[in-house]
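>>> below are the sequence and a predicted model for it; my questions follow.
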Amino acid sequence: MSNAVTAVVPNAVSGLPDKRQVAASFSRAAPSYDAVAELQRTVGDALLQRLPGELTPARWLDLGCGTGYFSRSLASRFRAGEGVALDIAEGMLRHARPQGGAQYFTVGDAECLPLRGASVDLIFSSLALQWCEDFSAVLSEASRVLCSGGVFMFSSLCSGTLQELRDSWQAVDGFAHVNRFRSLEAYQQLCAASGLQLDRLDVEPKVLHFAELRQLTHELKALGAHNLNPGRPGGLTGRARIRALIDAYEQFRTPSGLPATYQVVYGVLRKDF
């Protein structure tokens, strides 16, 4: 695919220590990721269902491919197409590559794609772009690499995600223990200003339930999605604070267990020029 993929951008994550931490965290999580990725599969499947029926891409990109689960789904759906699986975390690509799906596995940053302009017909990205600080750059890069008539579809997380955990920590010490995400309004404004045609943008809450709080925190760690906020408290969390956190979270308990709510944004944009 020499006409599409150039060399990996070597400094794609330089100058952004938080992004390097994201890459390192997800690399470490690669071996455990699939075992706890129920939400990720559910959301990705819902995004697949939003694929335009007439779409037959000659070349597609799985942006933030993780372990390659949806790269394999895209390869199965578009057998005549050529696929690129791209992720910022090398550990994820090492895990994904032996399982196949895409023809190319590339380290790269969604804000600075190592792809030639007008080289792909479909960009599929599920639950990856919430880690990008500059979403306008993501949209600009998507517009650059898409062919005319190409489609950019994504799922991401917006504010209100893990609100139960955020509120519980707020009651304990007021520190930022939960990752922050941009608002739905920010997604709307950025998409509208992107120059791409916005076919749809909607948000759906997904609620998981856990018997105990430690099951949720273990899952977040296994996914590599534990707290990566700048200014997060360092050091160990004392037993008294953990006990206080558990007590605070218990206020949210339902007959189904302790809820963890994810506010999932789905977007479908098209390049008409």
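In hand now; what should we look at?

>>> need the helices for the stretch 1-150 of the chain, in chain order.
17-33, 38-48, 69-77, 90-96, 135-145 (DSSP state H, counting those that start in this stretch).

>>> you'd agree residue 103 is up against residue 81?
No. Assessed by C-beta atoms under 8 Å, residue 103 is found out of contact with residue 81, at 9.4 Å. No exception for glycine: its C-beta is placed from N, CA and C like everyone else's.

>>> so for these two, which residue has more residues nearby?
residue 81 (18 against 15; other C-beta atoms under 10 Å).

>>> look up the pLDDT of the nearest residue to that one once chain neighbours are set aside for me, please.
Leaving out its chain neighbours, the residue that sits closest to residue 81 by C-beta to C-beta, 6 or more residues apart in numbering is residue 57, at 5.0 Å. What the model reports as pLDDT for residue 57 is 98.

>>> now swap in the one 10 residues further on and tell me
Here the pLDDT value assigned to residue 67 is 94.

>>> does it really touch residue 92, like I thought?
Yes. With contact defined as C-beta under 8 Å, residue 67 counts as touching residue 92 (5.9 Å).

>>> can you pull the contacts of the residue nearest to residue 81?
Residue 57 makes contact with 78, 81, 120-122, 150-151, according to C-beta atoms under 8 Å, 6 or more residues apart in numbering.

>>> try 10 Å
51, 74, 77-78, 80-83, 120-124, 147, 149-151 (C-beta atoms under 10 Å, 6 or more residues apart in numbering).

>>> who does the residue nearest to residue 93 when sequence neighbours are not counted form a beta bridge with?
Nearest residue to residue 93, sequence neighbours excluded (C-beta to C-beta, 6+ apart): residue 105, at 4.9 Å. Counting by DSSP bridges, residue 105 is bridged to residue 85.

>>> for residue 204, same thing?
According to DSSP bridges, beta-bridge pairing links residue 204 with residue 264.

>>> read off the pLDDT value for it.
Residue 204 is given a pLDDT of 97.

>>> show me the contacts for it.
Residue 204 makes contact with 43, 46, 155, 262-266 under the criterion C-beta under 10 Å, 6+ apart.

>>> do residue 85 as well
Contacts of residue 85 (C-beta under 10 Å, 6+ apart): 60-68, 70-72, 74-75, 92-93, 96-97, 100-106.

>>> can you flag the buried ones in those residues?
60-68, 70-72, 74-75, 92-93, 96, 101-102, 105-106 (16 or more other C-beta atoms under 10 Å).
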